[in-house]
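Undergrad: no sequence on this one, just coordinates:
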């Protein structure tokens, strides 16, 4: 198995450090609803995790919540509620969205606010080792002390200094030094520290949480390409400075960014589409196929037409799993082994899900052709279901929903008249058919009433 490592800029043979793959993926800052950019990233890394499990690896998967941040504080102040209440509300919404997308839950979801004592301990240690310094209640990391700072983003300090957009602070030792602890501003959530009241900087949170739950060296660290610099660059600097262990991460994986009409999706452009909005139009299978039909490192251009095409594709895969007319005693069968081998070959090559999806469609097509010829396709269907599951596809028939309303009222009224006329068979038929649609009828002394739900 080979993985493209952002650090080296090439594909490398995957060799984890131990018997368990240690995998960390940067989580959301919960100040708003999740959008399809989030969905894209978490579908990709969910698929990576599922494939590692499929290949027999044990995986410990950690994903954080940055539940204290300037954006959370500002949004909470707008709404007149505590920052923690705002964050918890969006965290709950995040879980609903990810569950709906069939994304496996992480083994651990650390919250930055629950790790502050450990963050303070690490910051203090970096000060003692000369990697950080206190300044008016803030604590900054000395990037010039870091081992080969810029090695992930492949930049040098002088180029970064010339092109950086950094708040002017003449008192910092060096313009690129970044905050690992921020002094509290009036009205902000804060914690006591050796440098006064304050809160953690963004970058230090992931370093401390990944180290606490996965150890000094991670096997895989994932996130979007927009996190390479400065976030992941700073994670490397802090982590290797604090632990003295190099490398902090063996394989850095970064997914491409989502675009809408050739523009990057972002809150500032106002072109975000929420997960909830998407799932109101298409199934989770369709969205997963849309994301996985491109290579994870490539940018993905979103279109509703493309999503609907994947909905039709998901339906083709589902139909291929329907029981066929072939007799159970059919002498010939469609052998799924070649498809499985090609699927594994594609995914072993830097998780090439685009090729893997194509192989699933080939298998579905050949299942249909073999079934039409009277061949047994039971084993092939089992393989399609299994390999689809590796990509997180459920491939289940969508549950029929029935929006009762006036039509149900009419049927209940007709049934009541049939009962009054002793037309019991027709009345029972209406009750039975409504029950199949998820409508239960209750006969009471005051008349018949209906509700959604089985009887």
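TA: All right, it came through fine. Predicted model only: the values in this text are computed from it and were never measured. Residues are numbered from 1 along each chain as shown.
Undergrad: strands of the stretch 151-300 of the chain, start to end?
TA: 178-183, 198-200, 218-224, 249-255, 258-260, 263-264, 300-302 (DSSP state E, counting those that start in this stretch).
Undergrad: oh, that last question was meant for the stretch 301-450 of the chain, not what I typed.
TA: Counting by DSSP E, counting those that start in this stretch, the stretch 301-450 of the chain has strands at residues 439-444, 447-452.
Undergrad: that older thread, distance to residue 89 and mean pLDDT for the strands of the stretch 151-300 of the chain - can I get that in JSON lines?
TA: (Each C-beta comes from the backbone N, C-alpha and C, glycine too.) As requested, those are exported to JSON lines (distance: least, C-beta to C-beta, whole Å; pLDDT from 0 to 100):
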{"stretch": "strand 178-183", "distance to residue 89": "24", "mean pLDDT": "97"}
{"stretch": "strand 198-200", "distance to residue 89": "20", "mean pLDDT": "97"}
{"stretch": "strand 218-224", "distance to residue 89": "24", "mean pLDDT": "98"}
{"stretch": "strand 249-255", "distance to residue 89": "27", "mean pLDDT": "98"}
{"stretch": "strand 258-260", "distance to residue 89": "24", "mean pLDDT": "87"}
{"stretch": "strand 263-264", "distance to residue 89": "27", "mean pLDDT": "66"}
{"stretch": "strand 300-302", "distance to residue 89": "26", "mean pLDDT": "93"}
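Undergrad: nearest approach to residue 33 belongs to which of those strands?
TA: Closest to residue 33 of the strands of the stretch 151-300 of the chain is strand 258-260 (C-beta to C-beta; 15.4 Å).
Undergrad: mind checking how far that closest one is from the chain centre?
TA: 16 Å (C-alpha atoms, centre = their mean, to the nearest Å).
Undergrad: paired strands for that strand, with orientation please.
TA: strand 263-264 (antiparallel), strand 300-302 (parallel) (DSSP bridges).
Undergrad: show residues contacting that strand.
TA: Contacts to strand 258-260, defined as C-beta atoms under 8 Å, 6 or more residues apart in numbering, come from residues 36, 37, 40, 264, 265, 271, 273, 299, 300, 301, 302.
Undergrad: now residue 368. Nearest residue, chain neighbours left out?
TA: residue 320 (5.8 Å; C-beta to C-beta, 6 or more residues apart in numbering).
Undergrad: domain map for this protein?
TA: The domain map for the chain lists 2-264, 281-390, 405-452, with the assignment taken from automatic domain parsing.
Undergrad: give the buried residues for stretch 416-425.
TA: 416, 418, 419 (16 or more other C-beta atoms under 10 Å).
Undergrad: quick one: end-to-end length of it, please.
TA: Across stretch 416-425, the terminal residues are separated by 12 Å (C-alpha to C-alpha, to the nearest Å).
Undergrad: picking that back up, looking at the domains of the chain, which has the lowest confidence?
TA: When those are compared on mean pLDDT, domain 405-452 scores lowest, with a mean of 83.
Undergrad: shouldn't residue 42 be in contact with residue 105?
TA: No - with contacts counted by C-beta atoms under 8 Å, residue 42 stays clear of residue 105, the gap being 10.9 Å.
Undergrad: overlap in contacts of these two?
TA: By C-beta under 8 Å, 6+ apart, residue 42 and residue 105 have these common neighbours: residue 98.
Undergrad: looking at those two, which is more packed in?
TA: Between residue 42 and residue 105, counted using other C-beta atoms under 10 Å, residue 42 has the larger neighbour count: 26 against 12.
Undergrad: element containing that one?
TA: Remark: residue 42 resides in helix 36-54, with elements defined by DSSP states H and E.
Undergrad: now do the buried residues in that helix.
TA: Buried, per 16+ other C-beta under 10 Å, within helix 36-54: 36-52, 54.
Undergrad: thinking again about what came up before, tell me the one among the contacts of strand 258-260 nearest to residue 392.
TA: residue 40 (12.8 Å).
Undergrad: tell me who's in contact with the closest one.
TA: Residues in contact with residue 40 (C-beta under 8 Å, 6+ apart) are 255, 258, 291, 300.
Undergrad: in JSON lines: the contacts of strand 258-260, plus distance to residue 151.
TA: JSON lines is the format used below for the contacts of strand 258-260 (distance: C-beta to C-beta, whole Å):
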{"residue": "36", "distance to residue 151": "32"}
{"residue": "37", "distance to residue 151": "27"}
{"residue": "40", "distance to residue 151": "27"}
{"residue": "264", "distance to residue 151": "25"}
{"residue": "265", "distance to residue 151": "29"}
{"residue": "271", "distance to residue 151": "33"}
{"residue": "273", "distance to residue 151": "35"}
{"residue": "299", "distance to residue 151": "24"}
{"residue": "300", "distance to residue 151": "27"}
{"residue": "301", "distance to residue 151": "31"}
{"residue": "302", "distance to residue 151": "32"}
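Undergrad: which two of those residues have the greatest separation?
TA: Greatest spacing in the contacts of strand 258-260, by C-beta to C-beta: 273 and 299 (16.2 Å).
Undergrad: which parts of the stretch 301-450 of the chain are helices?
TA: Along the stretch 301-450 of the chain, the stretches classed as helices by DSSP state H, counting those that start in this stretch are 304-320, 337-348, 353-372, 378-390, 405-420, 424-436.
Undergrad: which other helices and strands contact the helix or strand harbouring residue 122?
TA: Of the helices and strands defined by DSSP H and E, residue 122 is found in helix 116-128. The contact analysis (3 or more C-beta pairs under 8 Å, 6 or more residues apart in numbering; DSSP states H and E) places helix 116-128 against strand 132-135, strand 138-141, strand 178-183, strand 198-200, helix 202-214, helix 233-243.
Undergrad: and residue 385, which of these is closest to it?
TA: For those, distance to residue 385 was read as C-beta to C-beta. The smallest value, 32.3 Å, belongs to helix 202-214.
Undergrad: buried residues, the closest one. List them.
TA: So, applying 16+ other C-beta under 10 Å, buried residues of helix 202-214: 202, 203, 204, 205, 206, 207, 208, 209, 210, 211, 213, 214.
Undergrad: show me the contact partners of that helix.
TA: Residues outside helix 202-214 that contact it (C-beta under 8 Å, 6+ apart) are 22-24, 26, 60, 62, 64, 66, 69, 108, 110, 112, 115, 118-119, 122-123, 178, 180-181, 218, 221, 230-231, 234-235, 238-239, 242-243.
Undergrad: run the last query once more with 6 Å
TA: The contact list for helix 202-214 (C-beta atoms under 6 Å, 6 or more residues apart in numbering) reads 22, 24, 62, 64, 108, 110, 112, 115, 118-119, 122, 180, 218, 231, 234-235, 238-239.
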